[in-house]
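Chemist: Pasted the sequence and its predicted model underneath.
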Amino acid sequence: MTAVAAAKTNANETAICRNRKASFEYEIGERFEAGLVLTGTEVKSLRMGKASLLDAYARTSRGEAFLIGAHISPYSQAFYGNHDPLRKRKLLLHAKEIRRLEGKTQEKGRSLIPLRMYFKNGKAKVELALARGKKTHDKRHAIREADTRREMSRAAAEYNRRG
């Protein structure tokens, strides 16, 4: 599984959740697609869209990759055997990719963060990105750009309404 194109969306992908704060908090670099090792109740919960990637991150250790801090709500119809919502989940990547990610995350300031979770051909996947944390002044710049874009779209809408 090589790097995934940023704007690529297939007809066979069903979105579960996105990490909306990721682009604000981090400079997004290279992207990867990984499978998830899940229990039955987790899959049922994901199909209902009950997941959050807000404080999640990924770690590699001893040739394995794990998703940590992702919240998948317990399945409400489960009688027993429900899962822990914040448990550590194994990521399915090729060994070569894991070794490469271990090297890249050792660089100063680099993290592996999940951007979105989705179903692809019936299998749960997560899109990971190698990211570097933004400084406060970079965040202010991003806010300023968003405000400028918003004002321009309002002005264009006003112009179109009048004329």
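Modeler: The structure has been received and is ready for your questions.
Chemist: which residue ranges form the helices in the chain?
Modeler: 22-25, 40-47, 95-106, 136-162 (DSSP state H).
Chemist: count of residues packed around residue 88?
Modeler: Residue 88 has 11 neighbouring residues, counting by other Cβ atoms under 10 Å. The C-beta positions use only the backbone N, C-alpha and C, and glycine is treated the same way.
Chemist: Please apply the same query to residue 91.
Modeler: Neighbourhood size, residue 91 [other Cβ under 10 Å]: 24.
Chemist: Would you check how far apart residue 97 and residue 27 are?
Modeler: Between residue 97 and residue 27 the computed distance is 21 Å (Cβ to Cβ, to the nearest Å).
Chemist: What of residue 84?
Modeler: 32 Å.
Chemist: Of these two, give the one with the bigger neighbour count.
Modeler: Ranked by neighbour count (other Cβ under 10 Å), residue 84 and residue 27 place residue 27 first, with 14 against 10.
Chemist: pLDDT-wise, which helix or strand of the chain ranks last?
Modeler: In the chain, no helix or strand scores lower on mean pLDDT, DSSP states H and E than helix 22-25, which sits at a mean of 77.
Chemist: Does anything pack onto that helix? Which helices or strands?
Modeler: With contacts taken as 3 or more Cβ pairs under 8 Å, 6 or more residues apart in numbering; DSSP states H and E, helix 22-25 sits against strand 110-120, strand 123-133, helix 136-162.
Chemist: so can I have CSV of those showing mean pLDDT, mean neighbour count and distance to residue 12?
Modeler: What follows is the helices and strands packed on helix 22-25, written out as CSV (pLDDT from 0 to 100; neighbours: other Cβ atoms under 10 Å; distance: least, Cβ to Cβ, whole Å):
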stretch, mean pLDDT, mean neighbour count, distance to residue 12
strand 110-120, 89, 19, 6
strand 123-133, 88, 20, 10
helix 136-162, 84, 10, 32
